[in-house]
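[1] Here is my input; please provide its structure:
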Amino acid sequence: MHKLFLKLGFLISFVSISAQPEPGYWQQKADYKMDIDMDVKKHTYNGTQKISYTNNSPDSLGKVYYHLYFNAFQPDSEMDVRSRTIKDADARVGSRIKGLSENEIGFLKVNSLSQDGVNLKYSVAGTILEVVLDKPIASGETTVFEMKFKGQVPKQIRRSGRDNAEGVALSMTQWYPKMAEYDVEGWHADPYIGREFHGVWGTYDVNISIDSNYTIGGSGVLQNPNEIGHGYGKVGESVKKAKKLKWHFVAENVHDFAWAADPEYIHDILPLDGGKNLHFFYKNNPEIIENWKKLQPLTKSLLDYYEKHIGEYPYPQYSVIQGGDGGMEYAMCTLITGERKFESLVGVTAHEMAHAWFQHLLGTNEAKYEWMDEGFTTYISTLAEDEVLGENKEFPNKRSYDTYKKLALSGVEQPQTTYADHYHYNYAYGASAYSKGSVFLDQLGYIVGEDVLKDIVKEYYAQWRFKHPRPNDFKRIAERVSGLELDWYLVDWTQTTSTIDYGVKEVDQGKKETKITLERKGFMPMPVEVKVVFEGGKEESYYIPLQMMRGEKEVAKNVTTLKDWAWAYPTFDFSIEKSKGTIVSVIVNPSGKMADINELNNVYTVSSAK
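    Have a look, this model is predicted:
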């Protein structure tokens with residue numbers, strides 16, 4: 001059964017990769033085979049790794065790089081120093097790395113490395129392994145790298161580690177030497193300082209040998225369930241008596257592999273239609289079991305929501321695993337802390353599961369375009385959570401707008417083109433990536449229309465899944481679906497800190513008509529919606545297109561579309577016949593879906609103005 005799913009998944013993946021979203025697009029491929037022998041008492045492991053690396057670029061490569069993420073968990077590493085010198089340190093990290101002892105630090109040590117059987121020269125620079133090749137990898141050529149390495153699992157501080165605050169033994173994320181990505185922008189051998197990741201698509205074939213009382217959950221499909229048990233399959237007495245078990249996982253067409261293990265995990269499986277499964281791994285803690293049981297059907301509802309509003313989840317399984325230090329997405333799984341109130345447990349699951357689409361299927365480079373995965377995930381997971389929990393909020397993403405506006409007025413905002421690790425404040429990074437990124441999508445619905453936005457998201461997924469989209473790739477999809485020009489939106493919102501501020505400047509009630517003057521006070525252009533309220537409660541709605549969009553969204557029949565507003569003009573006038581009634585108030589941005597940073601000038605009350 002598992003092999004059938006894998007073959008089906010491979011077929012889906014092959015078709016997706018073959019259908020290129022644009023002429024000339026290419027991406028590298030790295031297929032991993034790894035064998036790991038875990039010593040749970042010493043928190044160390046020995047590993048062998050074989051990578052078949054295919055250079056699909058037009059370039060000849062004379063060097064490669066690997067990430068050695070666990071080296072970040074050592075005193076005076078870049079992560080340590082950055083955490084101790086940034087103005088608002090992440091409380092989960094702080095100065096904790098500085099205080100690690102020798103048996104608490106993390107490390108990845110490469111003992112040997114060869115290319116097609118020839119030993120290579122390499123050096124370690126913090127969390128990066130720099131490798132000089134024996135021979136360049138020509139365009140279109142495949143080469144094989146073989147490595148022996150040793151790792152030590154750090155005391156749990158950030159994402160990875162052993163013995164986390166909730167007692168989970170092993171959170172094995174960023175645990176292996178991982179090939180750095182090379183794409184049209186060049187190499188991405190970014191040091192691990194605290195932010196997130198970028199990886200090469202490929203297949204992971206992983207064997208993990210560990211003490212037989214440990215249960216493992218993670219990426220991939222278990223290939224030998226009846227040799228393992230632990231909720232995966234039935235086993236004989238010989239297996240039950242084994243001191244160690246070898247777990248064999250295969251994950252096809254992913255760009256990472258993570259796992260977690262604990263001797264006290266409860267393992268539940270929720271079967272889905274089509275032979276897929278949801279897996280849940282959580283500690284046998286009486287205080288959390290009820291919440292984790294209640295979470296399971298809601299996780300299915302979340303999956304259904306994402307498939308309906310983004311696209312099909314193509315893998316045979318997804319695992320929700322207690323571990324880590326909060327919530328973090330990985331290929332085919334997430335690690336979350338589990339001792340939460342029920343609503344929080346659903347919320348973190350909703351967010352991390354949405355990352356299965358916005359990051360692990362739409363594999364943006366999180367070091368450069370963090371707002372595309374965190375922001376898009378925040379947007380869609382907020383809507384999913386609202387529906388699944390039956391909250392039915394009128395404006396589900398309002399919190400993202402409020403947080404963005406606070407950032408815009410804080411004086412510490414940086415453009416979203418800032419490298420994720422290069423923000424002056426952790427606060428500015430978080431508000432920019434999560435909230436401003438979420439508003440980018442929500443506000444796009446205001447610009448192009450909500451139904452059109454839904455089509456854009458689905459088309460984006462259809463064209464770019466299993467690939468590495470960049471901001472312009474999303475914009476071009478949005479333009480093709482909407483028929484509108486949107487370069488101005490992408491540039492001003494993500495590449496500058498320009499703000500939106502439109503207001504009502506004047507309402508002049510003449511004998512035959514009332515002249516309304518609007519003004520643009522912020523530097524960022526937008527189409528504008530206006531509501532006019534008359535005595536007696538009658539209302540009329542108006543839509544003012546932005547000229548540089550070269551078109552406008554479809555509006556409701558009861559909305560009057562006015563002439564275009566060219567951005568360079570600071571004011572805009574339109575008139576309403578006096579016969580329609582006496583105007584009481586004029587409201588700019590009545591829906592609140594335009595991220596106007598100054599709401600004080602959005603409402604003009606005529607009676608108080610006279």
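[2] Which parts of the stretch 1-150 of the chain are strands?
    According to DSSP state E, counting those that start in this stretch, the stretch 1-150 of the chain carries its strands in the segments 29-39, 44-54, 61-67, 107-115, 118-119, 121-125, 128-137, 142-152.
[3] Do me a favour and average the pLDDT over the fourth one.
    When the per-residue pLDDT values of strand 107-115 are averaged, the result is 98.
[4] Listing partners with orientation, what would you give for it?
    In the sheet containing strand 107-115, the strands it pairs with under DSSP bridges are strand 118-119 (antiparallel), strand 142-152 (antiparallel).
[5] Rebuild those as a markdown table, extending it with mean neighbour count, mean pLDDT and distance to Lys246.
    For every residue, glycine as well, the C-beta is placed using N, CA and C. Written out in a markdown table, the entries for the strands paired with strand 107-115 read as follows (neighbours: other C-beta atoms under 10 Å; pLDDT from 0 to 100; distance: least, C-beta to C-beta, whole Å):
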| stretch | mean neighbour count | mean pLDDT | distance to Lys246 |
| --- | --- | --- | --- |
| strand 118-119 | 10 | 98 | 28 |
| strand 142-152 | 18 | 98 | 18 |
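[6] Dump those to TSV, plus distance to Lys458.
    Converted to TSV, these look like this (distance: least, C-beta to C-beta, whole Å):
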stretch	distance to Lys458
strand 118-119	47
strand 142-152	34
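[7] Of the ones you listed, which is nearest Gly236?
    strand 142-152 (32.0 Å; C-beta to C-beta).
[8] which residues touch that closest one?
    Under the contact criterion C-beta atoms under 8 Å, 6 or more residues apart in numbering, strand 142-152 has outside partners 42-55, 64, 70, 103, 105-117, 137, 175-177, 179.
[9] do the same with stretch 575-585
    The contact list for stretch 575-585 (C-beta under 8 Å, 6+ apart) reads 507, 509-516, 532-536, 538, 540, 603-607.
[10] now, which of those lie within strands?
    Helix and strand membership here follows DSSP state E; of these, those in strands are 507, 509, 513-516, 532-534, 540, 603-605.
[11] Can you say which of these are buried?
    507, 514, 516, 532-534, 540, 603-604 (16 or more other C-beta atoms under 10 Å).
[12] Out of these, which comes closest to Leu270?
    Within the set of these, Val603 lies nearest Leu270; the separation is 49.3 Å, counting by C-beta to C-beta.
[13] Beta-bridge partners for the nearest residue to the closest one once chain neighbours are set aside, please?
    If the residues on either side of it in the chain are set aside, Val603 comes closest to Ile587, at 5.2 Å by C-beta to C-beta, 6 or more residues apart in numbering. In this entry, Ile587 is beta-bridged to Lys531, Val603, by DSSP bridges.
[14] Does Ile587 touch Val530 like I think?
    Yes: here Ile587 lies in contact with Val530, judged by C-beta atoms under 8 Å, at a distance of 6.8 Å.
[15] more crowded one of these two?
    Neighbour tally, Ile587 and Val530, criterion other C-beta atoms under 10 Å: the higher count belongs to Val530, 24 against 18.
[16] From Val448, how far off is that one?
    19 Å (C-beta to C-beta, to the nearest Å).
[17] Check Phe466 too.
    As it turns out, when the distance is counted by C-beta to C-beta, Phe466 lies 26 Å from Val448.
[18] One more: Ser57?
    34 Å.
[19] between these two, which one's more packed in?
    Counted by other C-beta under 10 Å, Ser57 and Val448 do not tie: Val448 has more neighbours, with 26 against 17.
[20] What pLDDT does the model give the more buried one?
    The model reports Val448 with a pLDDT of 98.
[21] Verify the stated contact: it with Lys454.
    No: counting by C-beta under 8 Å, Val448 sits too far from Lys454 to count as a contact (10.3 Å).
[22] tally of neighbours for Val606?
    17.
[23] So which residue of the protein lies furthest out from the middle?
    Within the chain, Lys511 marks the point farthest from the mean C-alpha position, 56.4 Å out by C-alpha atoms, centre = their mean.
[24] which residue packs closest to that one, ignoring adjacent ones?
    Here the nearest residue to Lys511 in space, its sequence neighbours aside, is Lys578; by C-beta to C-beta, 6+ apart that works out to 6.7 Å.
[25] Next up, phi/psi of the one you found, please.
    Here the main-chain torsion angles of Lys578 (degrees, to the nearest 10) amount to phi -60, psi -30.
[26] burial measure for it, as a count.
    Applying other C-beta under 10 Å, we find 14 residues neighbouring Lys578.
[27] any idea how far it is from Gly375?
    Lys578 sits at a distance of 46 Å from Gly375 (criterion: C-beta to C-beta).
[28] where does the residue nearest the centre of the chain land on pLDDT?
    With the centre of the chain defined as its mean C-alpha position, the nearest residue by C-alpha atoms, centre = their mean is Asp373, 3.0 Å away. pLDDT, Asp373: 96.
[29] On the pLDDT front, check the closest residue to Ala89 other than its chain neighbours for me.
    Distances taken as C-beta to C-beta, 6+ apart place Ser83 nearest to Ala89, at 5.2 Å, with adjacent residues excluded. The pLDDT attached to Ser83 in the predicted structure is 97.
[30] so Ser83 touches Gly99, yeah?
    No: between Ser83 and Gly99 no contact is recorded; they are 11.8 Å apart, counting by C-beta under 8 Å.
[31] Looking only at neighbour counts, state which of the two leads.
    Ranked by neighbour count (other C-beta under 10 Å), Ser83 and Gly99 place Ser83 first, with 25 against 11.
[32] which ones are touching that one?
    Ser83 is in contact with 89-90, 93-95, 97, 194, counting by C-beta under 8 Å, 6+ apart.
[33] Please repeat the previous calculation with a cut-off of 7 Å.
    With contacts taken as C-beta atoms under 7 Å, 6 or more residues apart in numbering, Ser83 has the following neighbours: 89-90, 93-94, 97, 194.
[34] can you check Glu479 too?
    Contact criterion C-beta under 7 Å, 6+ apart gives 485-486 as the residues in contact with Glu479.
[35] Alpha carbons of stretch 224-243, as CSV, please.
    Output of stretch 224-243 as CSV, limited to C-alpha atoms (Å, rounded to 0.1, in the frame of the first residue of the first chain):
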residue,chain,number,x,y,z
ASN,A,224,8.6,-1.2,7.1
PRO,A,225,5.6,-0.7,9.4
ASN,A,226,5.3,-4.4,10.4
GLU,A,227,9.0,-4.4,11.4
ILE,A,228,8.4,-1.4,13.6
GLY,A,229,5.0,-1.4,15.2
HIS,A,230,4.5,1.7,17.4
GLY,A,231,1.1,2.2,15.9
TYR,A,232,2.3,1.9,12.3
GLY,A,233,1.8,-1.9,12.0
LYS,A,234,1.7,-5.3,13.8
VAL,A,235,4.9,-6.9,14.8
GLY,A,236,6.1,-10.3,16.0
GLU,A,237,7.8,-11.2,19.3
SER,A,238,11.3,-11.0,17.8
VAL,A,239,10.8,-7.3,17.0
LYS,A,240,9.4,-6.6,20.4
LYS,A,241,12.5,-8.0,22.0
ALA,A,242,14.9,-6.0,19.8
LYS,A,243,17.2,-3.4,21.5
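[36] what comes up buried for that stretch?
    Taking 16+ other C-beta under 10 Å as the criterion, stretch 224-243 shows 224-225, 227-232, 235, 239 as buried.
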